[in-house]
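Enquirer: Structure, please.
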Amino acid sequence: MPEMRFHLRWPDGTTAACYSPSLVVEEHLQPGACYPLAEFVARSREALQAASARVRAKYGFPCARALRQLEEIERRAASFAGAADAVVAVLGFDRDVGAPFPPPVVPIRRDAPRQVPVIIIGGGQAGLSLSWYLRRKGVEHVILERYVAGYAWRAERWDSFCLVTPNWQCRLPGFSYADFGGRDPHGFMLRGEIVEYIDAYIASFDPPVLAGIEVLKLSRGPQGEFRLSTSAGDYAAAQVVVATGGYHEPIVPPYAAALDADIVQLHSSEYRNPGDLPPGEVLVVGSGQSGCQIAEDLHLEGRRVHLCVGNAPRVARRYRGKDVVEWLDLMGYYDIPVERHPLREGVRDKTNHYVTGRDGGRDIDLRQRALEGMRLYGPLAGIEPGRLLFTPELRANLDAADEVSESIKRSIDTFIAAEGLSAPTEPPYLALWQPEAETAALDHRAANIRSVIWCIGFRTNFRWIDLPVFDGRGAPLHARGVTPEEGLYFLGLPWLHSWGSGRFSGIARDAAYLAERIADRTPRMQAAHTIASAAP
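Expert: A predicted model of the protein is given here:
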């Protein structure tokens with residue numbers, strides 16, 4: 001079904017982008033029209049209930065996203081109930097956007113200058129952290145954010161999502177987990193708590209975020225300045241930081257089109273909860289962090305899950321009296337820069353270990369899940385009419401994942417012995433299940449697979465950057481975020497400098513480093529720009 005957003009402005013001037021799984025909204029709301037508050041709510045209710053009904057008619061279940069959107073509209077409208085003349089303006093529509101969940105309502109600043117010394121592109125934890133440092137250094141800057149600050153945490157995580165690293169590792173600059181008022185440092189924040197943490201961080205220093213502005217092109221201007229063509233017009237800056245992370249375009253393989261049209265297909269960024277899926281069994285493709293956690297989410301809700309197991313490694317949650325993350329932190333693992341890592345830059349291509357913070361934190365043991373009824377296969381190799389084809393690598397991938405986990409334990413043993421520490425001992429992991437045989441193919445119709453969730457990652461998309469700062473694979477060329485193009489930086493990329501780069505645990509260090517470089521260059525680049533501007 002074609003999806004859409006309808007954009008609106010609330011009575012206080014704030015804007016929102018609202019989700020609908022159907023174009024039926026266009027029958028109830030008109031772009032450019034202004035509606036009294038009660039009438040707008042009534043029209044929205046009719047539209048979204050009709051959209052949900054269309055999903056039910058096609059798939060046999062209502063659209064939970066549309067109903068959540070209606071709840072958000074009604075909640076927001078209630079805050080204006082005391083204003084007799086409250087009016088809501090419909091600003092326009094976007095079709096076929098595939099937005100998995102609407103961002104929250106935020107004010108959009110329109111009074112910012114079009115030419116500033118520094119522009120940060122991206123309002124996630126990376127851009128916000130850099131803004132904190134630049135503000136302390138008195139460097140004028142703005143953040144251009146396509147949606148709203150912290151959008152990925154709000155809109156691209158499933159309902160039961162939680163951190164896989166302990167809360168004490170949440171160390172945004174000037175705002176640790178303790179500053180947030182957190183009371184469970186060894187726990188794992190849920191998605192809603194993460195959003196609250198981000199919002200509290202924003203409130204703590206009020207960064208200059210220009211929300212709802214998409215950067216369409218970044219290039220050099222005629223006088224050497226950076227030119228940014230955006231959905232809200234052109235901007236210019238002496239220095240630019242690309243803080244959009246490295247996860248941009250969801251990967252879905254071309255052979256997904258060979259699946260029956262009535263099978264619901266979602267990317268991991270679109271999955272919310274088991275109730276959103278139609279009755280029937282579910283195929284989860286990919287066993288990285290997202291794949292394993294989503295497979296468990298479905299399994300624990302009683303759904304029969306078929307999981308394609310790739311070569312992602314796993315790690316134990318706890319070992320010898322501590323969370324493994326705490327041991328690795330004590331061992332200095334998270335401080336190792338890329339250039340000193342045994343894999344060098346190759347570490348940037350490695351898949352994260354799967355583990356979970358759910359239920360207070362525990363291992364993800366796929367062998368145990370298999371004993372409980374989860375069906376495991378090797379990687380998905382392709383799709384033929386009515387058949388799923390698998391690579392016969394299940395046993396090898398399970399064994400390799402276990403070996404990585406055990407090797408990490410051995411490194412912890414070595415550290416404990418070298419430091420003379422006292423810690424309880426634990427026996428090696430014992431594999432309680434082995435596949436009897438490799439499954440080469442599966443009739444997905446006979447298995448009643450009615451949903452597929454693609455958990456095979458994202459591609460980067462820097463095609464909008466028209467500057468010579470990429471290698472042959474399209475990856476940014478940089479040294480700790482500093483590119484060969486003077487004044488252009490990257491921040492928040494996985495392993496930009498160390499394991500913590502782009503994460504709550506280590507982004508502060510990367511942001512502080514770039515803030516120093518930016519502050520040092522700012523007076524010199526401003527002077528050069530002034531001379532160039534004055535030249536005949």
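
Enquirer: pLDDT weak spots in the stretch 151-300 of the chain?
Expert: Within the stretch 151-300 of the chain, no stretch has pLDDT under 70.

Enquirer: Now do the strands in it.
Expert: Along the stretch 151-300 of the chain, the stretches classed as strands by DSSP state E, counting those that start in this stretch are 171-172, 175-176, 209-211, 215-220, 226-230, 233-242, 249-250, 264-267, 281-285.

Enquirer: Out of the ones you listed, the one nearest Pro274 is which?
Expert: strand 281-285 (8.1 Å; C-beta to C-beta). For every residue, glycine as well, the C-beta is placed using N, CA and C.

Enquirer: And the contacts of the closest one?
Expert: 291, 294-295, 298, 303-308, 380, 388, 444, 447-456 (C-beta atoms under 8 Å, 6 or more residues apart in numbering).

Enquirer: In helices, which of the residues you listed fall?
Expert: Gly291, Ile294, Ala295, Leu298 (DSSP state H).

Enquirer: which one of the strands of the stretch 151-300 of the chain is the most hemmed in?
Expert: Highest mean neighbour count of the strands of the stretch 151-300 of the chain: strand 281-285, a mean of 24 (counted as mean count of other C-beta atoms under 10 Å).

Enquirer: tell me which helix or strand of this protein sits lowest on mean pLDDT?
Expert: Lowest on mean pLDDT, DSSP states H and E among the helices and strands of the chain sits helix 507-534, with a mean of 75.

Enquirer: and the helix or strand that contains Tyr19, what does it pack onto?
Expert: Taking DSSP states H and E as the criterion, Tyr19 maps to strand 15-20. Under the contact criterion of 3 or more C-beta pairs under 8 Å, 6 or more residues apart in numbering; DSSP states H and E, the helices and strands touching strand 15-20 comprise strand 4-9, helix 37-59, helix 64-78.

Enquirer: among the ones you listed, which is the most enclosed?
Expert: Mean neighbour counts were compared across the helices and strands packed on strand 15-20 using mean count of other C-beta under 10 Å; the top stretch is strand 4-9, at a mean of 21.

Enquirer: Check the gap between the residue positioned nearest the centre of the chain and Gly123 for me.
Expert: Averaging the C-alpha coordinates of the chain gives a centre point, and the residue nearest to it by C-alpha atoms, centre = their mean is Ala152 (4.3 Å). Ala152 sits at a distance of 10 Å from Gly123 (criterion: C-beta to C-beta, to the nearest Å).

Enquirer: returning to what we had before: the residue nearest to the centre of the chain - nearest residue in space that isn't next to it in sequence?
Expert: If you skip the residues right next to it in sequence, Ala152 has Gly124 as its closest partner in space, 6.2 Å away by C-beta to C-beta, 6 or more residues apart in numbering.

Enquirer: what about the residue nearest to Trp499 when sequence neighbours are not counted, distance to Trp327?
Expert: Leaving aside its chain neighbours, Trp499 sits nearest to Tyr334 (4.7 Å; criterion: C-beta to C-beta, 6+ apart). Relative to Trp327, Tyr334 is positioned 11 Å away (criterion: C-beta to C-beta).

Enquirer: Would you reformat the strands of the stretch 151-300 of the chain as CSV and include distance to Asp159?
Expert: Supplementary listing: those in CSV, determined by distance: least, C-beta to C-beta, whole Å:
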stretch, distance to Asp159
strand 171-172, 24
strand 175-176, 25
strand 209-211, 24
strand 215-220, 30
strand 226-230, 32
strand 233-242, 31
strand 249-250, 18
strand 264-267, 13
strand 281-285, 16
